[in-house]
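A.B. asks: below are the sequence and a predicted model; questions follow.
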Amino acid sequence: MRSMPLPMENSWRHVFKLDPDRIIGEQELEAVCTSGSDAIIIGGSSGVTYENTEALLERIRRFKIDCALEVSELDAIVSGFDLYLIPMVLNTKRPEWLIGHHARAIEKYGPFIPWDRLVSEGYIVLNPEATVARITEADTSLDAAAAAGYAGAADKLMQLPIIYVEYSGRFGVMELVGEVRRQLTQARLFYGGGITNAETARQAAAVSDTVVVGNVIYSDLAGALATVEAVKGARSSSIGG
Ligand SMILES: CC(C)=CCC/C(C)=C/CC/C(C)=C/CC/C(C)=C/CC/C(C)=C/CC/C(C)=C/CC/C(C)=C/COP(=O)(O)OP(=O)(O)O
Ligand SMILES: O=P(O)(O)OC[C@@H](O)CO
Ligand SMILES: [Mg+2]
């Protein structure tokens with residue numbers, strides 16, 4: 001997608017994902033942004049608007065931390081982010097979530113797209129209860145070999161820079177994540193879903209390059225903050241040897 005890769009997302013080991021459709025207080029936001037995490041992703045699968053995205057970005061900009069927008073809604077793209085993450089759902093049954101919305105966005109806004117700030121993510125969505133699974137009609141029944149097949153195709157045939165194993169709302173099967181990891185030769189592996197404490201964070205960090213922590217920020221901030229050190233101190237099969 002871009003000719004000269006920025007190193008930014010390659011240095012992310014731990015990321016917090018904030019949902020613009022949910023409320024977070026000033027103290028809580030400060031704790032998240034100064035926690036030692038590498039970046040904030042703003043994103044959600046529903047209720048994301050231009051207004052709530054812009055308001056959250058403005059609040060985060062008071063802190064010195066990378067901030068990326070994960071685009072799920074064309075009308076909610078706000079300028080001023082360090083990076084724009086573009087999800088492509090690999091295991092959807094509906095092609096618009098793999099490539100269709102993207103083609104229409106480019107058709108409409110092509111000349112205005114800052115390509116050097118866009119990074120595509122090949123999503124493998126595996127929790128059938130998640131909104132993202134329902135919206136995109138993802139085939140969440142994949143076993144480890146099938147998930148690794150999708151990952152291999154996206155890594156080697158599509159050359160996507162990020163593969164994202166997404167269990168949003170539920171802690172996933174780490175053996176499957178490890179099998180996905182073994183298929184990758186150039187892509188970075190993001191894992192997200194159901195991390196609620198240091199132990200689950202450590203397990204995810206052992207099999208992925210970047211660990212994404214979301215919902216627990218809103219239900220147990222102390223648990224969320226404990227994931228930072230757990231991930232930063234953990235070894236990974238890919239980058240820790
Ligand atoms: C600087 C500037 C203004 C630039 C604008 C340039 C521009 C117009 C760029 C557009 C380029 C482009 C190709 C855009 C793609 C458009 C688009 C709508 C693509 C579809 C993306 C997609 C597949 C969305 C489906 C949902 C999804 C995968 C969302 C990702 C985030 C996610 C999974 C969040 C989890 O949500 P959460 O609510 O926490 O979880 P639950 O599911 O459990 O509820
Ligand atoms: O909200 P949780 O379950 O932590 O998942 C994080 C992220 O992968 C959601 O897109
Ligand atoms: Mg969420």
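C.D. replies: Nice, I can see it. What you see is a predicted model, and the numbers here were worked out from it, not measured in a lab. Residues are numbered from 1 along each chain as shown. Ligands and ions are numbered 1, 2, ... in the order given.

A.B. asks: C-alpha from now on. contacts and neighbour counts both.
C.D. replies: OK.

A.B. asks: measure the residue located most distally from the centre of the chain to Y50 for me?
C.D. replies: Within the chain, the residue lying farthest from the chain centre (Cα atoms, centre = their mean) is P111, at 26.0 Å. According to Cα to Cα, to the nearest Å, P111 and Y50 sit 21 Å apart.

A.B. asks: confidence score at S238?
C.D. replies: You'll see S238 listed with a pLDDT of 55.

A.B. asks: quick revisit: from A105, how far off is the residue farthest from the centre of the chain?
C.D. replies: 11 Å.

A.B. asks: so, low pLDDT: which residues of the protein?
C.D. replies: Filtered on pLDDT under 70, the chain yields the residue ranges 1-7, 238-241.

A.B. asks: who in it is up against ligand 2?
C.D. replies: By the rule Cα under 6 Å from any ligand atom, the part of the chain lying against ligand 2 is E166, S168, G169, R170, G192, G193, G194, I195, V212, V213, G214, N215.

A.B. asks: at 8 Å what do you get?
C.D. replies: Counting by Cα under 8 Å from any ligand atom, the positions of the chain adjacent to ligand 2 are 16-17, 43-45, 165-171, 191-196, 212-216.

A.B. asks: please flag which of those sit within strands.
C.D. replies: Counting by DSSP state E, the part of those found in strands is F16, K17, V165, E166, Y191, G192, V212, V213.

A.B. asks: most widely separated two among the residues you listed?
C.D. replies: Maximum pairwise distance among these (Cα to Cα): 15.4 Å, between F16 and V165.

A.B. asks: can you list the residue ranges for strands in the protein?
C.D. replies: Counting by DSSP E, the strands of the chain are 14-18, 39-42, 66-70, 83-89, 118-125, 162-166, 188-192, 210-213.

A.B. asks: show residues contacting the second one.
C.D. replies: Contact partners of strand 39-42, identified using Cα atoms under 8 Å, 6 or more residues apart in numbering, comprise 12, 14-20, 33, 53, 57, 65-70.

A.B. asks: how about 6 Å then?
C.D. replies: Residues outside strand 39-42 that contact it (Cα atoms under 6 Å, 6 or more residues apart in numbering): V15, F16, K17, L18, D19, I65, D66, C67, A68, L69.

A.B. asks: I am finished for the moment; much appreciated.
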